[in-house]
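Trainee: please work out how this folds:
(one chain, ligands or ions: 1)
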Amino acid sequence: MHRLAVSARYASYFSRVHGPKSLQRSARLFPSQPLHRANFASQSDVPPTSTFFTRLQRLGLAASQTFQSQSASAPLYNENGKQTAASPDAARGTSTQEEPKLELSRLLQLAKEERHLIGFALSAQLISASSIMLFPFALGKVVDTVSSSAPELDALVALMGGVFAISAVASAARVSAMSLAGSRISRDLRVSLFHAIMKQETAFFDKRQSGELVNRLSSDVPLVARTLTDNLAKIIRAGVTSTASLGFILYLSPTLSLVTLGSIPPILGFAVMFGRAARKLSRKLVDALAEATQVAAERTSAIRTVRTFGAEDIETKRYANRVDETYHLAKKVAFADGLYAGSVQLSAQMSLCGVLWFGGRMVIDPLNPMTMGALTSFSMYAVNLGVAVSGMGTAYGQLTRALGAGHRIFEVIDREPDGASSTICEQPPNVAHSQVGVPVKPKASLRRLQPGYDATVSFEDVHFKYPTQPDTAILNGVNLTVRPGEIIAIAGASGSGKSTMSSLLSRLYEPTSGTISLGNEPIANLDTAWLREQIAVVAQEPVLFNGTITENIQYAMPGEVSMQRIQRAARAAASHDMILSLPNKYETMVGERGASLSGGQRARTALCRALVRDPRVLVLDEHSAALDAESERAVAQAVYTSASELNMAVITIAHRTSSLRRADRVAVLADGVVIEIGSYDDLMKQEDSCLRRMLNPTRTPI
Ligand SMILES: Nc1ncnc2c1ncn2[C@@H]1O[C@H](COP(=O)(O)OP(=O)(O)OP(=O)(O)O)[C@@H](O)[C@H]1O
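Mentor: From the prediction side, this is the model:
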């Protein structure tokens with residue numbers, strides 16, 4: 001009776017070890033500080049969006065990983081005891097979403113790149129699994145030795161101690177190597193994915209939200225890498241354990257083995273059913289979490305707007321709803337998990353009961369040669385076999401579920417950019433070959449114009465529709481020529497397409513038809529990277545990056561830029577004194593998106609950044625809107641002086657009368673065409689001029 005209790009305790013030990021692993025992981029994954037408790041005293045206390053965002057993503061990742069990695073017995077709970085995760089897609093009825101087409105082999109390909117490290121980990125795994133497999137056999141021997149009062153007890157236990165020590169070293173090596181392999185896969189996959197995102201055409205970003213793309217980098221990548229390495233190890237360990245256990249039980253008692261093997265088909269059946277159900281939910285869950293991340297990213301980056309409208313509660317609820325919607329999915333997963341756990345446990349334990357019942361009778365039967373020790377060993381191997389088979393099923397299920405996140409990664413990596421708006425051409429650095437997606441096509445042309453070329457810009461019958469709005473024509477045959485040294489102002493109603501012309505000139509989009517040329521060469525024939533070096537654009541709402549003023553100005557130039565050159569650009573933009581008045585002068589940190597600067601300071605820094613590269617064409621897109629009249633005059637004077645010295649072609653998109661007056665010519669854009677062009681004075685003199693109607697709407701209504 002006592003001996004049977006030993007094996008029963010061993011069985012319970014195994015079920016504890018197998019179950020709690022996922023529970024521990026689950027607990028580890030949920031940060032201790034709930035997000036809603038974060039209380040920022042003022043706007044300046046708000047941590048950079050990226051930091052805040054990472055915390056949110058960790059929560060998302062936690063839920064997602066828990067979902068992916070939970071074993072049969074681990075439901076999804078956060079620290080408040082609430083169940084987490086579920087998909088807004090489910091609520092929106094997108095459950096008909098296509099199954100991921102990604103093959104498991106593509107995931108395994110990732111592991112292949114780390115074959116040396118994973119091979120080492122698996123060898124260590126074999127050593128530790130083999131030594132563990134010897135334990136039941138040794139225990140049986142100990143039981144029989146003790147029963148027969150044989151003298152080998154000391155030697156036997158010493159041997160076991162030695163084997164356990166080797167096993168511990170092998171386990172440590174395996175864990176470290178697998179973890180390292182997972183991190184390497186993550187690193188390479190992240191770089192590949194980011195490179196793939198960078199190379200996409202501009203319209204790709206019009207369709208997708210940045211938070212959702214970042215979610216792929218921060219959540220999907222580690223999810224795939226960790227699931228892959230974790231489960232590869234589990235499958236191998238389970239394979240070794242089940243093979244060895246099978247060998248041992250067949251050796252110990254072929255008859256009793258039949259009873260044990262009866263539990264395997266139901267366990268595998270449950271695993272397959274469970275895997276299928278869970279796989280469908282996986283893609284929905286990662287999509288749902290990405291949507292929640294997008295909401296969080298957008299709202300935290302626009303915290304001032306949210307706060308100005310007193311919308312913190314609304315936004316918290318919006319985010320909570322997004323996350324909460326995933327709860328519906330989690331309920332299904334929890335139900336499937338419970339069913340799977342219960343079914344597998346019942347099958348395994350019924351089989352153990354059968355073993356004990358048959359085996360017990362065999363031990364009692366005086367004609368049967370089975371010893372008490374052999375039954376003890378047999379029972380332990382039978383438990384090992386059950387645990388290994390169910391572990392294999394669970395690991396396989398998790399691997400197939402990682403396909404959901406994998407699909408989201410590879411659909412970007414494999415995507416061929418539509419158009420040439422990206423200048424990226426080399427492969428991502430230090431990345432395993434198998435992860436590199438569609439090679440970037442060699443540029444159509446690497447043509448560059450000779451230094452000192454005639455920087456005339458011309459638009460000839462340019463038509464354009466945004467790829468995301470193919471039914472709406474924005475430009476309907478624009479004709480415009482800007483000569484070097486000339487300042488052309490483009491005027492037009494809001495939404496008439498002025499900024500679009502600037503985007504087309506920089507080749508952020510391709511015209512639907514017509515030709516844009518620089519120096520009499522269609523820009524489509526020019527090296528895009530070179531072209532962008534020639535054209536500096538100061539956007540309507542310039543974006544600065546978190547860093548110093550110097551770093552932001554340097555951003556325009558690859559490589560080192562001398563401080564002299566930076567200051568020269570600042571003087572050309574009449575901004576040197578403004579920068580010197582900042583707390584740390586050129587080393588002042590501008591904050592995320594330049595949030596620590598005023599609108600005018602941001603605009604002037606952006607102008608310095610544009611001028612530092614001595615462009616041949618300067619596009620000013622309502623850059624002075626944030627400047628007061630005096631600063632605007634000073635900046636315009638300085639910029640136009642240096643433009644004239646450098647013989648730049650200047651296109652200024654302007655609403656202000658002062659800006660229009662300063663231009664050599666004003667082109668008025670309406671209905672997608674330049675409907676009139678001439679000097680400000682000439683156009684204003686004409687009774688029926690569009691410019692005049694635009695600037696004096698009350699006197700002459702349109
Ligand atoms: N990325 C985009 N995707 C789809 N449509 C766009 C995109 N950007 C702009 N549009 C649309 O193209 C039209 C022209 O926009 P554009 O920004 O060029 O106007 P604009 O003349 O510069 O206006 P404003 O003076 O208000 O800055 C608008 O109707 C706008 O809605």
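Trainee: what are the buried residues along stretch 680-691?
Mentor: 680, 683-684, 689-691 (16 or more other C-beta atoms under 10 Å). C-beta coordinates here come from the backbone N, C-alpha and C atoms, glycine included.
Trainee: other residues contacting stretch 567-576?
Mentor: Here stretch 567-576 makes contact (C-beta atoms under 8 Å, 6 or more residues apart in numbering) with 553, 579, 586, 604-605, 607-609, 611-612, 631, 634-635, 637-639, 641-642.
Trainee: buried subset of these as a PyMOL selection?
Mentor: Here is the PyMOL selection string for the buried members of the contacts of stretch 567-576, based on 16+ other C-beta under 10 Å:
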select buried, resi 553+579+586+604+605+607+608+609+611+612+631+634+635+638+639+642
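Trainee: spit out the contact partners of the residue nearest in space to the middle of the chain.
Mentor: Nearest to the geometric centre of the chain sits L217, at 1.8 Å (C-alpha atoms, centre = their mean). The contact partners of L217, by C-beta under 8 Å, 6+ apart, come to 190, 193-194, 197.
Trainee: ok, V272 next?
Mentor: Residues near V272 by C-beta under 8 Å, 6+ apart: G393.
Trainee: from R237, how far out is it?
Mentor: From V272 across to R237, the span is 20 Å (C-beta to C-beta, to the nearest Å).
Trainee: cool, Y327 as well?
Mentor: From Y327 to R237 the distance is 33 Å (C-beta to C-beta).
Trainee: the two - which one has more neighbours?
Mentor: Counted by other C-beta atoms under 10 Å, Y327 and R237 do not tie: R237 has more neighbours, with 21 against 18.
Trainee: tell me which element the closest residue to the ligand within the stretch 101-250 of the chain falls in.
Mentor: Here the stretch 101-250 of the chain gets closest to the ligand at one residue, D206, 4.4 Å apart by C-beta to the nearest ligand atom. Element membership for D206 (DSSP states H and E) is helix 202-207.
Trainee: what does the pLDDT read for A374?
Mentor: You'll see A374 listed with a pLDDT of 83.
Trainee: that one and Y251 touch, don't they?
Mentor: No. A374 lies out of contact with Y251 (C-beta atoms under 8 Å); the separation is 9.7 Å.
Trainee: and R613, how many neighbours?
Mentor: Neighbour tally, R613, other C-beta under 10 Å: 19.
Trainee: who are the packing partners of the top helix by length along the chain?
Mentor: Scanning the chain for the helix with the most residues, using DSSP state H, yields helix 153-199. Here helix 153-199 touches helix 104-113, helix 115-147, helix 221-252, helix 372-413, going by 3 or more C-beta pairs under 8 Å, 6 or more residues apart in numbering; DSSP states H and E.
Trainee: now do the following helix or strand past the third one: which elements does it pack against?
Mentor: Read that as helix 221-252. Counting by DSSP H and E, the next helix or strand C-terminal to helix 221-252 is helix 254-261. Judged by 3+ C-beta pairs under 8 Å, 6+ apart, the packing partners of helix 254-261 are helix 221-252, helix 326-364, helix 372-413.
Trainee: picking that back up, what about A374 and Y251, which has more around it?
Mentor: Between A374 and Y251, counted using other C-beta under 10 Å, A374 has the larger neighbour count: 22 against 14.
Trainee: about what we covered before: show me the contacts for the residue of the stretch 101-250 of the chain closest to the ligand.
Mentor: 466-468.
Trainee: same thing but at 10 Å, please
Mentor: Applying C-beta atoms under 10 Å, 6 or more residues apart in numbering to D206 gives the contacts 466-469, 509.
Trainee: for T641, same thing?
Mentor: Neighbours of T641 in contact, by C-beta under 10 Å, 6+ apart: 572, 574.
Trainee: T588 too?
Mentor: T588 neighbours (C-beta under 10 Å, 6+ apart): 548-550, 579, 581-582, 596-597, 601, 605.
Trainee: in a markdown table, list those residues along with pLDDT, distance to A288 and secondary structure.
Mentor: Converted to a markdown table, these look like this (pLDDT from 0 to 100; distance: C-beta to C-beta, whole Å; DSSP: H, G, I helix; E, B strand; the rest coil):
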| residue | pLDDT | distance to A288 | secondary structure |
| --- | --- | --- | --- |
| T548 | 90 | 39 | strand |
| I549 | 90 | 41 | helix |
| T550 | 90 | 42 | helix |
| I579 | 90 | 45 | helix |
| S581 | 89 | 48 | coil |
| L582 | 88 | 43 | coil |
| S596 | 81 | 35 | coil |
| L597 | 84 | 37 | coil |
| Q601 | 85 | 40 | helix |
| T605 | 90 | 39 | helix |
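Trainee: weed out the non-buried ones from these.
Mentor: Buried among the contacts of T588 by 16+ other C-beta under 10 Å: 548-550, 579, 582, 596-597, 601, 605.
Trainee: any chance of those in TSV, with distance to E298 too?
Mentor: Converted to TSV, the buried ones among the contacts of T588 look like this (distance: C-beta to C-beta, whole Å):
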residue	distance to E298
T548	26
I549	27
T550	30
I579	31
L582	29
S596	20
L597	22
Q601	25
T605	24
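Trainee: out of these, which are close to the ligand?
Mentor: Among those, proximity to the ligand is found for none (C-beta under 6 Å from any ligand atom).
Trainee: what's the closest of those to I303?
Mentor: S596 (13.7 Å; C-beta to C-beta).
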